[in-house]
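> Using only what follows, build the 3D model:
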Amino acid sequence: GNSSSGGINDQVPAAQQKAVMGSLELIRVDAVDIRVDRAYPQAGNQKFDVRAHFRYAGSLYALKVTDPIYEEKYREMGLGRYGLTESFLTISLGKEFNGHLYKLVAAIIERAEVESGGRL
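Got it, this is the predicted structure:
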């Protein structure tokens, strides 16, 4: 399939790399569900994964968040689910790993933040 163990629609076979348009894409979504989970629960691992769950063009996605500000903020908030309203997400393709490229959320821009003169 196109999903890793913790993700949904987050991987692309490396053989298809040429067919994937660009390595960066900006998309608009109505809502984002940020979920903080243990990276490897079976090992009792304390490392947390931050993923953005969202719907785009009729498909569901769960992609790892690598935006340093958001990743840090939600790791510190701890395990749980956190909702964001309308947001713009920069989706990038990470480096090849085990024959797949992984889609990542490289940047999150919340519309509410922009309108309140926040991050930008």
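> After the helix ranked longest in the chain, which helix or strand is next?
Using DSSP state H, we find that the single longest helix of the chain is helix 68-77. Sequence order places strand 80-84 as the next helix or strand after helix 68-77, per DSSP states H and E.
> Can you tell me the strand partners of that following strand and which way each runs?
Looking at strand 80-84 with DSSP bridges, its partner strands are strand 32-38 (antiparallel).
> What average pLDDT does the partner strand get?
Mean per-residue pLDDT for strand 32-38: 95.
> Identify all contacting residues around the longest helix of the chain.
34, 36, 48, 50, 65, 82, 108, 119 (C-beta atoms under 8 Å, 6 or more residues apart in numbering). For the C-beta atoms, the positions are set from N, CA and C on the backbone; glycine is no exception.
> can we see that at 6 Å?
34, 36, 48, 50, 65, 108 (C-beta atoms under 6 Å, 6 or more residues apart in numbering).
> where does this structure dip in pLDDT?
Low-confidence segments of the chain, defined by pLDDT under 70: 1, 17-22, 41-45, 118-120.
> quick revisit: could you pull out the buried residues of the longest helix of the chain?
Going by neighbour count (16 or more other C-beta atoms under 10 Å), the buried part of helix 68-77 is 70, 71, 74.
> Equivalent analysis for stretch 102-115, please.
By neighbour count on 16+ other C-beta under 10 Å, the buried set for stretch 102-115 is 102, 103, 104, 105, 106, 107, 108, 109, 110.
> What of stretch 3-21?
Across stretch 3-21, burial judged by 16+ other C-beta under 10 Å covers 4, 6, 7, 8, 9, 10, 11, 12.
> again, but for stretch 48-64
For stretch 48-64, by 16+ other C-beta under 10 Å, it's 48, 49, 50, 51, 52, 53, 54, 61, 62, 63, 64.
> show me where the protein has helices.
Taking DSSP H as the criterion, the chain carries its helices at 68-77, 111-115.
> Format these as a markdown table; extra columns: distance to residue 95.
Shown next, in a markdown table, are the helices of the chain (distance: least, C-beta to C-beta, whole Å):
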| stretch | distance to residue 95 |
| --- | --- |
| helix 68-77 | 17 |
| helix 111-115 | 29 |
